[in-house]
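Asks: coords please:
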Amino acid sequence: MINSISKTKENKEALKEESNINVVILFEIITEIMLKFVILKLILIKFSDDNIQETLDNYNNYLNLNKVRSR
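Replies: Numbering: from 1, shown residues only. This next block holds a predicted model:
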C-alpha cells in the first residue's frame, strides 16, 4: 500500500496496481498491424504492376499456376 491524501485531506492508504497488462495488449496490437503491413508490402513486391487490376491478375495467375503444379 502507498500512503495518499484523500479529497478531505485525510491520510489514507492507496492501492498500488500494476498496469503491465496494458502494455502487453498495446504491444500485441502494434505487432499485428506491423506484421500485416510487412506481409502486404511483400505481396505488392511480388505481384505489383501499374494498377490494382493487373496486380490481382498476377496474384490469381500465381495461385492457378501453383494449383496445376501441385497435381
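Asks: Please pull out the lowest mean pLDDT helix or strand from this structure.
Replies: Least confident element among the helices and strands of the chain, by mean pLDDT, DSSP states H and E: strand 2-5 (a mean of 56).
Asks: Quick one: neighbours of residue 26, just the number.
Replies: Using other CB atoms under 10 Å, residue 26 has 10 neighbouring residues. Any C-beta I mention is one placed from the backbone N, CA and C, and that applies to glycine too.
Asks: 49 is where my numbering starts, stick with that
Replies: Renumbered: residue one is now 49, and that last one reads residue 74.
Asks: Look up how far residue 83 lies from it.
Replies: Distance of residue 74 to residue 83, computed by CB to CB, to the nearest Å: 15 Å.
Asks: Check residue 99 too.
Replies: Applying CB to CB, the value for residue 99 to residue 83 is 26 Å.
Asks: got it, and residue 68?
Replies: In this view, residue 68 and residue 83 are 22 Å apart by CB to CB.
Asks: Among these two, which residue is more densely surrounded?
Replies: Each of residue 68 and residue 83 has its neighbours counted (other CB under 10 Å); residue 83 has more, 10 against 7.
Asks: before we move on, which element is that one in?
Replies: Per DSSP states H and E: residue 83 is located in helix 68-95.
Asks: Quick check: next helix or strand after that helix?
Replies: Criterion used, DSSP H and E; the element after helix 68-95 is helix 100-118.
Asks: Give the other helices and strands that that next one contacts.
Replies: If contacts are counted by 3 or more CB pairs under 8 Å, 6 or more residues apart in numbering; DSSP states H and E, helix 100-118 sits against helix 68-95.
Asks: Report all helices and strands that the helix it packs on contacts.
Replies: Going by 3+ CB pairs under 8 Å, 6+ apart, helix 68-95 lies up against helix 100-118.
Asks: May I have the helix it packs on as PDB, with CA atoms only?
Replies: The C-alpha atoms that make up helix 100-118 are tabulated as PDB, following Å, rounded to 0.1, in the frame of the first residue of the first chain:
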ATOM      1  CA  ILE A 100      -4.600  -2.900 -58.900                       C
ATOM      2  CA  GLN A 101      -6.400  -5.000 -61.600                       C
ATOM      3  CA  GLU A 102      -3.000  -6.200 -63.000                       C
ATOM      4  CA  THR A 103      -1.800  -6.900 -59.500                       C
ATOM      5  CA  LEU A 104      -4.900  -9.000 -58.800                       C
ATOM      6  CA  ASP A 105      -4.500 -10.800 -62.200                       C
ATOM      7  CA  ASN A 106      -0.800 -11.600 -61.300                       C
ATOM      8  CA  TYR A 107      -1.800 -12.900 -57.900                       C
ATOM      9  CA  ASN A 108      -4.600 -15.100 -59.400                       C
ATOM     10  CA  ASN A 109      -2.300 -16.400 -62.100                       C
ATOM     11  CA  TYR A 110       0.200 -17.300 -59.400                       C
ATOM     12  CA  LEU A 111      -2.500 -19.200 -57.500                       C
ATOM     13  CA  ASN A 112      -3.600 -21.100 -60.600                       C
ATOM     14  CA  LEU A 113      -0.100 -22.000 -61.500                       C
ATOM     15  CA  ASN A 114       0.500 -23.500 -58.100                       C
ATOM     16  CA  LYS A 115      -2.700 -25.500 -58.300                       C
ATOM     17  CA  VAL A 116      -1.500 -27.000 -61.600                       C
ATOM     18  CA  ARG A 117       1.900 -27.800 -60.200                       C
ATOM     19  CA  SER A 118       0.600 -29.400 -57.000                       C
END
